[in-house]
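> next comes the sequence, and after it the predicted model I'd like to discuss.
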Amino acid sequence: MSFFILAMGMTVAAGAPIYKEYNVNKRMNETNAAVANAQAALTAFYQQNGYYPCPAPRNVAVDHAGFGASVDCSQPAVPPGTVSAQGRVINGTPWKVRIGTLPVRTLGLPDKAVMDGWGHLLTYAVTENYTLPPVPSQQKDLLHGAITIVDSNNNSVTTNNGVAVYVVVAAGEDGRGAYNINGQQPVACPASGLVAENCNDDATFRATTLQSMNGQQSFTNLLAYGADPCNLTGGGGNNIGNVTFFVDNSGSMATRDVTTTGGPNISRMQAVHQALTTVIPSLITQKSQNDPTNLVGVANFSTYCAGIATSCNGNVNNGGCPVPHNPPTLADTQCLYNGANNSVGYSTSDISGALSGSTSANIASGTYQTVSNNLVNKVNAMQPTGDTPLYTSMVDTVTAMQNGQPNKPNLLVVVSDGGDNTSNISNTTMINTLATKYPNLKVDFVFVGGKQDCASCVQAAIFGKTPQGNQLKGNFIAVQNSQKILDGLQGAVNSCP
């Protein structure tokens with residue numbers, strides 16, 4: 001009998017480390033899922049409402065009425081259980097950051113969604129100005145995140161320092177400084193060490209993959225953050241050459257499936273009209289002051305482009321797009337890269353001349369505003385009709401935009417709701433042509449509305465690597481909300497004032 005008991009004891013002892021490892025892995029998976037679910041819920045809330053929720057108090061127990069509910073960030077008094085910290089200074093003003101826990105009930109999540117795998121409440125911090133509804137899009141464009149994210153050596157994790165809009169932190173196994181479901185903080189935040197940055201209630205947080213349980217230097221936190229696309233890309237609007245907004249005006253762009261904040265759905269084309277009406281004037285103003293020699297243009301593509309036969313002097317294929325010449329002629333360039341004079345067409349020097357000269361003279365005369373208005377009018381005149389010759393039109397438009405300067409770092413911003421269905425060339429031919437002829441070209445693709453499950457297919461067709469090893473440089477985002485379409489276009493050209 002004693003031998004049997006001894007054998008059982010040895011078996012249990014041998015299995016203990018295995019069970020401990022299993023338990024830790026299970027809790028880590030739960031923590032990863034909690035942070036991912038929190039970020040997804042915050043993104044969905046922002047897309048639906050146009051702002052982020054204010055944090056919930058950390059010192060409230062689960063059975064309290066205020067548990068998981070956003071506090072009111074519009075009030076100057078900071079509610080107990082939350083903190084107001086000074087964030088990054090923007091234009092001489094320190095922006096505030098609110099810190100608390102994830103407002104699960106405001107987000108429509110179950111109460112348990114506020115905990116990591118070890119039962120610690122998630123910390124949620126957000127730039128205050130992103131929580132104040134309603135925020136008109138023109139005003140929101142001026143706002144930038146005020147939260148700083150650093151690594152273990154205090155290097156900024158974001159391209160620009162201190163631009164995160166919100167952050168979600170899970171304490172993990174270590175748990176120091178974290179609150180629990182009863183609104184208590186069992187272990188105080190340490191005064192120093194890696195983990196202190198995530199619980200000391202200031203506007204700087206730490207993110208690193210260097211995880212350990214090593215005494216005072218323990219760090220088991222998991223962190224996710226969101227940043228303003230206008231402020232994360234490092235100033236693309238001033239670092240790129242020519243910019244063309246390349247808009248799909250095929251028939252499917254009339255589909256009314258783009259959500260808005262507090263209003264009915266609008267069509268994909270309406271959403272593009274609204275967004276570019278904001279983005280183009282801001283970018284033109286920016287370039288007139290800082291980059292007057294490069295151009296901004298607008299092109300649209302479908303198998304029929306309303307009114308294009310006049311501006312292209314009849315040089316079109318069956319009265320529509322794309323133009324037939326390879327390489328495009330001057331008349332084709334006027335058609336594809338249009339903006340300064342819609343009725344006559346223009347050579348690229350027209351916009352260059354309009355934006356050149358002294359900044360003060362440009363601003364005083366309002367010349368750049370005329371160019372801006374012409375481009376916006378062209379966008380607003382686009383009506384959905386026809387099919388989608390995406391690949392052929394991309395090659396023709398980029399050729400016109402590069403204008404004999406193959407190495408110029410120009411940007412093509414594609415706005416479309418789907419892939420190609422009518423071009424006489426393949427995506428492989430398109431990629432090989434553009435990547436080899438124009439090595440510094442950047443393509444940003446904003447996938448609007450449409451079947452979001454097809455977005456990955458379109459992304460692969462545009463940015464996949466060809467058998468020849470060529471690949472386009474750029475970014476792809478899929479959005480189905482009017483505010484996110486605006487954010488995506490602003491992020492492409494960094495056109496925020």
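That came through fine. Numbering: from 1, shown residues only.

> quick check: closest non-adjacent residue to Lys96.
Glu128 (4.1 Å; Cβ to Cβ, 6 or more residues apart in numbering). Where C-beta positions appear, they are placed from N, C-alpha and C, glycine not excepted.

> ok, now which ones touch that neighbour?
Contacts for Glu128 (Cβ atoms under 8 Å, 6 or more residues apart in numbering) come out as 73, 84, 95-98, 146.

> any idea which of those has the most stuff around it?
Among these, Val97 has the most neighbours (other Cβ atoms under 10 Å), with 30 neighbours.

> what about it, which SS state?
strand (DSSP: H, G, I helix; E, B strand; the rest coil).

> so it versus Asn221, what's the distance?
18 Å (Cβ to Cβ, to the nearest Å).

> after the helix or strand containing Phe445, next one along is what?
Under the criterion of DSSP states H and E, Phe445 resides in strand 442-448. Tracing the chain C-terminally past strand 442-448 and defining elements by DSSP H and E, one meets helix 455-463 next.

> give the other helices and strands that the helix or strand that that following helix is followed by contacts.
Using DSSP H and E, the helix or strand that follows helix 455-463 in sequence is strand 473-479. Judged by 3 or more Cβ pairs under 8 Å, 6 or more residues apart in numbering; DSSP states H and E, the packing partners of strand 473-479 are strand 442-448, helix 455-463, helix 482-493.

> what does strand 473-479 contact?
441-448, 452, 455, 458-459, 462-463, 484-485, 487-488, 491-492.

> may I see the buried residues of stretch 372-389?
372, 374-376, 378-379, 382-389 (16 or more other Cβ atoms under 10 Å).

> and the end-to-end length of it?
27 Å (Cα to Cα, to the nearest Å).

> now do it: distance to the chain's middle.
The chain centroid and the centroid of stretch 372-389 are separated by 24 Å under Cα atoms, centre = their mean, to the nearest Å.

> would you list every one of the strands in the stretch 151-300 of the chain?
Ranges of strands within the stretch 151-300 of the chain are 164-170, 204-206, 222-227, 243-248, 296-301, based on DSSP state E, counting those that start in this stretch.

> quick one: the last one to helix 482-493, angle?
Direction vectors for strand 296-301 and helix 482-493, defined by axes from the mean of the first three to the mean of the last three Cα atoms, to 10 degrees, enclose an angle of 120 degrees.

> list the contacts of Phe67.
56, 60-61, 105, 111.

> give me the phi and psi for it.
Note on Phe67: backbone dihedrals following degrees, to the nearest 10 are phi -70, psi 130.

> how much space separates Leu486 from Cys73?
23 Å.

> list the contacts for the nearest residue to Ala38 once chain neighbours are set aside?
Spatially, and ignoring its direct neighbours in sequence, Ala38 is nearest to Val168 (4.8 Å; Cβ to Cβ, 6+ apart). Contact analysis of Val168 by Cβ under 8 Å, 6+ apart lists 35, 38-39, 42, 102, 122-124, 223-225.

> can you check the pLDDT for Val168?
Listed pLDDT for Val168 reads 94.

> likewise Asp63?
88.

> Thr208 too?
Thr208 is given a pLDDT of 73.

> same check on Pro328?
39.

> measure the residue nearest to Ser267 when sequence neighbours are not counted to Val272 for me?
Distances taken as Cβ to Cβ, 6+ apart place Arg256 nearest to Ser267, at 4.7 Å, with adjacent residues excluded. Shown here: Arg256 relative to Val272, a distance of 13 Å by Cβ to Cβ.

> when those two are compared, which one has more neighbours?
Using other Cβ under 10 Å, the more surrounded residue of Arg256 and Val272 is Val272, with 31 against 13.

> how about low-confidence regions in the stretch 251-400 of the chain?
262, 285-294, 303-371 (pLDDT under 70).

> next: the stretch 101-250 of the chain.
Looking at the stretch 101-250 of the chain by pLDDT under 70, you get 133-144, 159-160, 209-218, 227-240.

> would you map the helices across it?
104-107, 137-140, 229-232, 236-239 (DSSP state H, counting those that start in this stretch).

> so what's the residue nearest to Leu222 when sequence neighbours are not counted up against?
Distance criterion Cβ to Cβ, 6+ apart; nearest residue to Leu222, sequence neighbours excluded, is Ala170 at 4.4 Å. Ala170 is in contact with 31, 34-35, 116, 120, 122-123, 221-223, counting by Cβ under 8 Å, 6+ apart.

> dump the residues you listed into a markdown table; add neighbour count and distance to Thr260 as well.
Below are those laid out as a markdown table (neighbours: other Cβ atoms under 10 Å; distance: Cβ to Cβ, whole Å):
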| residue | neighbour count | distance to Thr260 |
| --- | --- | --- |
| Thr31 | 23 | 35 |
| Ala34 | 23 | 30 |
| Val35 | 19 | 29 |
| Asp116 | 28 | 35 |
| His120 | 27 | 37 |
| Leu122 | 26 | 30 |
| Thr123 | 26 | 32 |
| Asn221 | 28 | 37 |
| Leu222 | 22 | 34 |
| Leu223 | 18 | 32 |
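
> and these, which is closest to Ile181?
The closest of the contacts of Ala170 to Ile181 turns out to be His120 (Cβ to Cβ; 8.9 Å).

> ok, the closest one touching Ala178?
Yes: applying Cβ atoms under 8 Å, one finds His120 in contact with Ala178, separated by 3.7 Å.

> intersection of neighbour lists for those two?
With Cβ under 8 Å, 6+ apart, His120 and Ala178 have common neighbours Ala171.

> what's around Lys408, how many residues?
16.

> residue contacts, it?
Lys408 neighbours (Cβ under 8 Å, 6+ apart): 241-242, 402, 438, 440.

> please repeat the previous calculation with a cut-off of 7 Å.
241, 402, 440 (Cβ atoms under 7 Å, 6 or more residues apart in numbering).

> what subset of those is buried?
Buried among these (16+ other Cβ under 10 Å): 241, 402.

> now render the contacts of Lys408 as a markdown table, adding distance to Gly68.
Below are these laid out as a markdown table (distance: Cβ to Cβ, whole Å):
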| residue | distance to Gly68 |
| --- | --- |
| Gly241 | 49 |
| Gln402 | 54 |
| Asn440 | 50 |
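
> from the contacts of Lys408, which is closest to Asn470?
Asn440 (13.9 Å).

> distance of the closest one from Leu411?
10 Å.

> overlap in contacts, those two.
Shared contacts of Asn440 and Leu411, defined by Cβ under 7 Å, 6+ apart, are not found at any residue.

> contacts only, for Val258.
265-268, 271, 449, 480-482 are the contacts of Val258 under Cβ under 7 Å, 6+ apart.

> equivalent analysis for Leu411, please.
Here Leu411 is in contact with 240, 243, 442, 444, 493 (Cβ under 7 Å, 6+ apart).

> correct me, but the last one touches Ile284?
No: using Cβ atoms under 7 Å, Val493 is not in contact with Ile284, being 10.6 Å away.

> now do stretch 73-91: distance to the chain's middle.
For stretch 73-91, the distance to the chain centre is 25 Å (Cα atoms, centre = their mean).

> put the alpha carbons of that stretch into CSV.
The C-alpha atoms that make up stretch 73-91 are tabulated as CSV, following Å, rounded to 0.1, in the frame of the first residue of the first chain:
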residue,chain,number,x,y,z
CYS,A,73,-15.3,63.1,-20.2
SER,A,74,-16.9,66.4,-21.1
GLN,A,75,-17.1,67.4,-17.4
PRO,A,76,-14.0,69.1,-15.9
ALA,A,77,-14.3,67.1,-12.7
VAL,A,78,-12.6,63.7,-13.0
PRO,A,79,-14.8,60.9,-11.5
PRO,A,80,-13.3,58.6,-8.9
GLY,A,81,-11.7,55.5,-10.3
THR,A,82,-10.4,57.3,-13.4
VAL,A,83,-7.5,59.6,-14.0
SER,A,84,-6.8,62.6,-16.2
ALA,A,85,-3.1,62.8,-17.2
GLN,A,86,-1.2,65.3,-19.3
GLY,A,87,-0.4,64.0,-22.7
ARG,A,88,1.7,65.3,-25.6
VAL,A,89,1.8,69.1,-26.1
ILE,A,90,0.3,70.0,-29.4
ASN,A,91,0.6,73.6,-30.7
